[in-house]
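**Student:** this one's structure only:
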C-alpha cells in the first residue's frame with residue numbers, strides 16, 4: 001500500500017477484524033496487551049478499534065505520553081524559572097496547561113511571564129540570537145523521538161557560540177520502563193504494541209530483552225487503523241502460538257537498527273541516567289542528561305537550582321493510569337473536577353494523554369465487559 005486512504009480502508013479493516021476474531025477463537029484465554037505509545041491510545045479510540053476487539057483481548061494504555069510521565073516537580077521548577085525577568089521560556093504547546101502545585105505555564109503567561117510556544121527546539125536558536133540580553137530556556141520534554149533534535153540544537157548552539165541558550169531536560173528512554181511494567185505481576189501483560197515513532201529512532205533491537213528475558217512478544221505498528229489492526233493480528237497470533245518474537249509491522253518507517261544518525265546525535269550530547277517517571281518512580285537508565293561536553297547548556301546547573309523530584313497530588317490518580325492499573329473512569333475526578341478546560345492531572349492535558357482520549361471518545365464499556 002502507498003497512500004493514506006489505503007491504510008484507512010473499511011473493507012480491509014473488516015477483514016483484519018474478522019481474522020483477529022478467528023485467531024482469538026482458537027485461543028480463548030484472556031489476553032492483556034499494552035500499547036505503550038500515547039499516539040496509539042488516541043488512534044485506537046478515534047477509530048473505534050477497542051470496540052471491535054474479541055471479548056478475550058484487552059488493551060491497556062501505558063505510560064506512552066512524555067508530558068504525562070514528567071513529574072510535577074519539573075513543572076513547578078519551570079514555573080519558578082519563568083518568574084525571572086531575564087528569562088524567555090520556550091516550550092511545546094502541550095506543556096502549557098500541565099498543572100503545577102499552584103499554577104501552570106498558561107497562567108504564568110497570562111500574568112506577564114515571557115513564555116513562547118515553539119514547534120522545534122531549533123526555533124530557540126533564533127530566539128537566542130535575537131534576544132542577546134535574555135536567557136532562553138527550552139523545556140526539553142520527550143522520548144527518543146524528540147531527544148535527537150534537542151541534541152542537534154545544542155550542537156548548533158555550540159557552533160554559533162550562543163551563550164544565552166539553556167535546556168531544562170526531562171528526556172526519557174522507553175525500553176527501561178517497559179521492563180518495570182513487565183515485572184509488575186498485577187498487570188499480567190501478554191504482549192506489547194510497540195511505539196512507531198520511538199522505534200523509528202531506536203529500531204527494534206532494544207526490545208529484544210522482552211522476548212529473551214521475559215518471554216513477552218511485541219509488535220511495532222504504525223498509527224492508521226489498518227496499521228494497528230495488522231499489528232494486533234500479528235501480536236495475538238504470536239501470543240496464541242507462544243512465539244515470543246519482536247516483530248516489525250511498520251517496515252515502511254522502522255528499521256531493525258533504527259536511525260543511526262539520530263542515535264549518534266543523542267550519544268554525542270547525552271549521558272544515560274536514572275530518571276523519575278510520574279506515578280512509577282525512579283527507573284534505572286531511563287533518562288538523558290547533557291554530558292560534560294554540553295553541560296554548559298544545562299539550565300539547572302547554570303541557574304544553580306537544587307531540583308528535588310516529586311509527583312502530583314490532589315486526589316488525581318494519573319500515576320495509576322500511567323501504569324495501566326486503572327482506567328480514567330475509575331478516577332473520582334474524571335469528568336467531574338478534571339476536564340480538558342480544567343485539568344487536575346497531566347493525563348488530561350496532552351493530546352496523547354489517556355484521560356484526554358477517554359474524555360473525547362469513551363462511550364462506555366464494551367458489552368462483553370459489562
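**Tutor:** On my side now, so go ahead. Not measured: the values here are computed from a predicted model.

**Student:** SS state for the residue nearest to residue 188 when sequence neighbours are not counted?
**Tutor:** Once flanking residues are discounted, residue 188 sits nearest to residue 32: 5.7 Å by C-beta to C-beta, 6 or more residues apart in numbering. From N, CA and C alone the C-beta is placed, and that goes for glycine too. Following DSSP: H, G, I helix; E, B strand; the rest coil, residue 32 is assigned to strand.

**Student:** Would you confirm that residue 32 contacts residue 189?
**Tutor:** Yes. Using C-beta atoms under 8 Å, residue 32 is in contact with residue 189, at 5.3 Å.

**Student:** OK, contacts around the closest residue to residue 27 other than its chain neighbours?
**Tutor:** Closest residue to residue 27 apart from its sequence neighbours, by C-beta to C-beta, 6+ apart: residue 240 at 3.6 Å. Contacts for residue 240 (C-beta atoms under 8 Å, 6 or more residues apart in numbering) come out as 23, 24, 26, 27.

**Student:** Let's see that with 10 Å instead.
**Tutor:** Residues in contact with residue 240 (C-beta atoms under 10 Å, 6 or more residues apart in numbering) are 23, 24, 26, 27, 28, 29, 31, 190.

**Student:** Now residue 100: phi and psi?
**Tutor:** Backbone geometry at residue 100, expressed as degrees, to the nearest 10, gives phi -90, psi -160.

**Student:** Might one say that it is in contact with residue 107?
**Tutor:** Yes. Taking C-beta atoms under 10 Å as the definition, residue 100 is a contact partner of residue 107 at 9.2 Å.

**Student:** what is in contact with the two at once?
**Tutor:** Shared contacts of residue 100 and residue 107, defined by C-beta under 10 Å, 6+ apart, comprise residue 79.

**Student:** Make a PyMOL selection of the buried ones in the contacts of residue 240.
**Tutor:** A single PyMOL command selects the buried members of the contacts of residue 240 (16 or more other C-beta atoms under 10 Å):
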select buried, resi 23+24+27+31+190
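
**Student:** What about the contacts of residue 240, which are in helices?
**Tutor:** 23, 24, 26 (DSSP state H).

**Student:** returning to what we had before: out of residue 100 and residue 107, which sits in the busier spot?
**Tutor:** Neighbour tally, residue 100 and residue 107, criterion other C-beta atoms under 10 Å: the higher count belongs to residue 100, 19 against 15.

**Student:** check contacts around the spatially most central residue of the chain.
**Tutor:** Ranked by distance to the mean C-alpha position of the chain (C-alpha atoms, centre = their mean), the top residue is residue 65 at 2.7 Å. Contact analysis of residue 65 by C-beta under 10 Å, 6+ apart lists 37-39, 41-42, 94, 143, 278, 322, 346-347, 349-357.

**Student:** Apply 7 Å and report the result again.
**Tutor:** By C-beta atoms under 7 Å, 6 or more residues apart in numbering, residue 65 lies in contact with 38, 350, 352, 353.

**Student:** between those residues, which has the most around it?
**Tutor:** When neighbours are taken as other C-beta under 10 Å, the top entry among the contacts of residue 65 is residue 353 (30 neighbours).

**Student:** hang on, that one packs against residue 68?
**Tutor:** Yes. Taking contacts as C-beta atoms under 7 Å, residue 353 lies within contact range of residue 68: 5.1 Å.

**Student:** Overlap in contacts, these two.
**Tutor:** Contact with both residue 353 and residue 68 is made by residues 346, 347, according to C-beta under 7 Å, 6+ apart.

**Student:** any idea of the mean pLDDT for stretch 61-77?
**Tutor:** In this model, stretch 61-77 has a mean pLDDT of 93.

**Student:** next one: stretch 360-367
**Tutor:** On average, the pLDDT along stretch 360-367 is 81.

**Student:** try stretch 209-227
**Tutor:** For stretch 209-227, mean pLDDT rounds to 97.

**Student:** List the buried residues in that stretch.
**Tutor:** 209-211, 216-227.

**Student:** Does the residue of the chain most remote from its centre fall in a helix, a strand, or a coil region?
**Tutor:** Seen from the C-alpha centroid of the chain, the residue lying at the greatest distance (C-alpha atoms, centre = their mean) is residue 133, 34.5 Å away. Under three-state DSSP, the three-state class of residue 133 is coil.

**Student:** how about low-confidence regions in this structure?
**Tutor:** Along the chain, the model assigns pLDDT under 70 to residues 312-314, 366-370.

**Student:** and the strand of greatest length in it, how far out from the chain's middle?
**Tutor:** Criterion DSSP state E: the longest strand present in the chain is strand 281-290. Between the centre of strand 281-290 and the centre of its chain there are 14 Å (C-alpha atoms, centre = their mean, to the nearest Å).

**Student:** Against which helices or strands is that strand packed?
**Tutor:** Here strand 281-290 touches strand 165-171, helix 174-183, strand 270-277, going by 3 or more C-beta pairs under 7 Å, 6 or more residues apart in numbering; DSSP states H and E.

**Student:** which residues are contacting it?
**Tutor:** 147, 169, 171-173, 176-177, 180, 266, 269-277, 297-298.

**Student:** which ones are touching the residue nearest to residue 113 when sequence neighbours are not counted?
**Tutor:** Spatial nearest neighbour of residue 113, chain neighbours left out: residue 82 (4.4 Å); criterion: C-beta to C-beta, 6+ apart. Contacts of residue 82 were listed using C-beta under 7 Å, 6+ apart, and they are 89, 105, 108, 113, 115.

**Student:** What residues of the helix or strand hosting the first one count as buried?
**Tutor:** Right, residue 89. Following DSSP states H and E, the helix or strand that holds residue 89 is strand 87-91. Using 16+ other C-beta under 10 Å as the test for burial, strand 87-91 gives 87, 88, 89, 90, 91.

**Student:** before we move on, what about stretch 110-125?
**Tutor:** 113, 114, 115, 118, 121, 123, 124, 125.
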